[in-house]
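Novice: for reference, the sequence and a predicted model appear below.
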Amino acid sequence: MDTPLIEFKNVTKRFGRRTILERVNLKIYEGEVTTIIGLSGGGKTVLLKHIIGLLKPDEGTILFRGKPLNGMSKIEMNASLAQMSYMFQDNALFDSMTVYENIALPLRETTTMTKAEVDRKVMARIEQTELTDSARKFPSELSGGMQKRAALARALVIDPSIVLFDEPTSGQDPVRKNAILGMIAQYQRKFGFTAIVVSHEIPDVYFISNRILALYGREIVFQGTPEELENFDHPFKDEVIRSLEGLQKELTGLHSRRQFKVMYHGQMKRRSLRDTYCVAVFKLESLDAIITGLGHESAQEAIQSMGVYIDKHFGAIGGFSTRRSINEFVTVLPYSELDEAEDMLKDFVKDFQEHGISEIWAGARERTAPGTCVDFTILAGLAQGRPIAEIETIIASAESQQKEIGRLRCAAGE
């Protein structure tokens, strides 16, 4: 793998007699979303402050692009830190300034740009983050989600290569938590910056992160992909992963992927090799279009409603489901054959079209500009399997059979 963008080698930090970080080793790679998870008060913010230079380690070394920070000249150090931007937990927008003025502030304070240059740069970021109608408003006039977007626009206005997010979802309800994470993921793809997200409550950690770092007991006990985290055997999982799974259940009503696998293997152990079961794979198509037309919170409401309706229809008959990706769900029907599963699917589609979509749209109307049209397209695929088969093979077969099972066009003002 390439040289890490940021690397900690045996970093220790103490405050008096209290050790916060102890021989921490970690690697963060360029162009990725890295999420640092751990219990509240476990030292995540202290770790973040070392990255941006607000704190220095008592022991150990921090490297930036392979070069130790303590070996850099002041000019080199400043150049490294200038590549970073920070999005605060509470947004830290100035109430007495408009959105435009808040976003312009870093350029006015840290550059020699002319007024015209600042204006061009600020307006470009305002348009890119879809804040044009709010540019002259004050933060108190914006919704919580719009304030987050304004704070992100301010963080991006200096063209950073690294953006650090300190507890960006703290204090939010489950839908808004995931909306904020979706916003971070969307703009990270759009602008290509390296994102470092710190949190102790991320239900969507599996879906927005390339790598996850787990801080537990003053040290990094895991660093790897979300898939590798699922197979990680450590006391950390009992205290942290279960809390994340609880938030996932709170958001969608569905099992975590780890719980899903445990249930699947438990079911298969009790089955004859001749028995069959079915797998359904659902997908909410055009999520980016929903985000653009209705906003991140409405997109998360759509995902939440999908999870609720999947659990409602299939959980009552012994089915169990999980969220496989940000907008895809998998359901196992343990005792069904294809014809039975197809009938169940028809009932699901009818109910979701009659009730689920209307509930999503009702919550979105107030936040949507008149005349906005958005298509909600639902895909589904079914496949039949036997206990001897690998679940991933059956899921892949169901995915290959996906077809459109429902479409609604919603327009504001209707």
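Specialist: Arrived safely.
Novice: all contacts plus neighbour counts: C-alpha atoms, from now on.
Specialist: OK.
Novice: the spatially closest residue to Glu32 that is not a sequence neighbour pairs with what?
Specialist: Nearest residue to Glu32 in three dimensions, chain neighbours excluded: Thr194, at 5.2 Å (CA to CA, 6 or more residues apart in numbering). Using DSSP bridges, the beta-bridge partners of Thr194 come out as Ile162.
Novice: quick one: Thr194 from Glu390, how far?
Specialist: 36 Å (CA to CA, to the nearest Å).
Novice: could you do Asn78 as well?
Specialist: For Asn78, the distance to Glu390 - CA to CA - is 53 Å.
Novice: all helices for the stretch 251-400 of the chain, in order.
Specialist: 257-269, 287-294, 296-310, 338-351, 357-364, 391-400 (DSSP state H, counting those that start in this stretch).
Novice: list the contacts of the last one.
Specialist: When contacts are defined by CA atoms under 8 Å, 6 or more residues apart in numbering, helix 391-400 is touched by residues 279-281, 330, 380-385.
Novice: for the stretch 101-250 of the chain, what spans make up the helices?
Specialist: Counting by DSSP H, counting those that start in this stretch, the helices of the stretch 101-250 of the chain are 115-128, 144-156, 174-191, 205-208, 226-230, 235-236, 242-252.
Novice: where does pLDDT dip in the stretch 101-250 of the chain?
Specialist: The stretch 101-250 of the chain contains residues with pLDDT under 70 at 171-176, 200-206, 230-231, 235, 237-250.
Novice: switch to 90 and redo it
Specialist: Where the stretch 101-250 of the chain drops to pLDDT under 90, the residues are 106, 108-113, 121, 124-135, 139-140, 142-160, 165-192, 197-212, 214-218, 221-250.
Novice: which residues touch Pro57?
Specialist: 11-13, 50.
Novice: what sits closest to Ser85 if chain neighbours are left out?
Specialist: In space, Ser85 is closest to Val163, 4.8 Å off (CA to CA, 6+ apart).
Novice: wouldn't that neighbour be in contact with Gln188 here?
Specialist: No - applying CA atoms under 8 Å as the test, Val163 and Gln188 come out as separate, 9.0 Å apart.
Novice: which one's more surrounded, those two?
Specialist: Val163 (24 against 19; other CA atoms under 10 Å).
Novice: picking that back up, need the helices of the stretch 101-250 of the chain in CSV (columns: distance to Leu69).
Specialist: Output for these, formatted as CSV (distance: least, CA to CA, whole Å):
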stretch, distance to Leu69
helix 115-128, 31
helix 144-156, 23
helix 174-191, 26
helix 205-208, 29
helix 226-230, 29
helix 235-236, 30
helix 242-252, 34
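Novice: now for those helices, which one comes closest to Leu55?
Specialist: Closest of the helices of the stretch 101-250 of the chain to Leu55 is helix 144-156, at 20.4 Å (criterion: CA to CA).
Novice: quick revisit: for the contacts of helix 391-400, which one is nearest Phe94?
Specialist: For the contacts of helix 391-400, the nearest to Phe94 is Val330 (44.1 Å; CA to CA).
Novice: state the number of residues packed around the residue lying closest to that closest one once chain neighbours are set aside.
Specialist: Of all residues not flanking Val330 in the chain, Val281 sits nearest, at 4.6 Å (CA to CA, 6+ apart). Around Val281 there are 27 other residues, counting by other CA under 10 Å.
Novice: who has more neighbours out of Thr194 and Glu390?
Specialist: Thr194 (22 against 10).
Novice: ok, that one - contacts?
Specialist: Contacts of Thr194 (CA under 8 Å, 6+ apart): 29-33, 161-163, 188.
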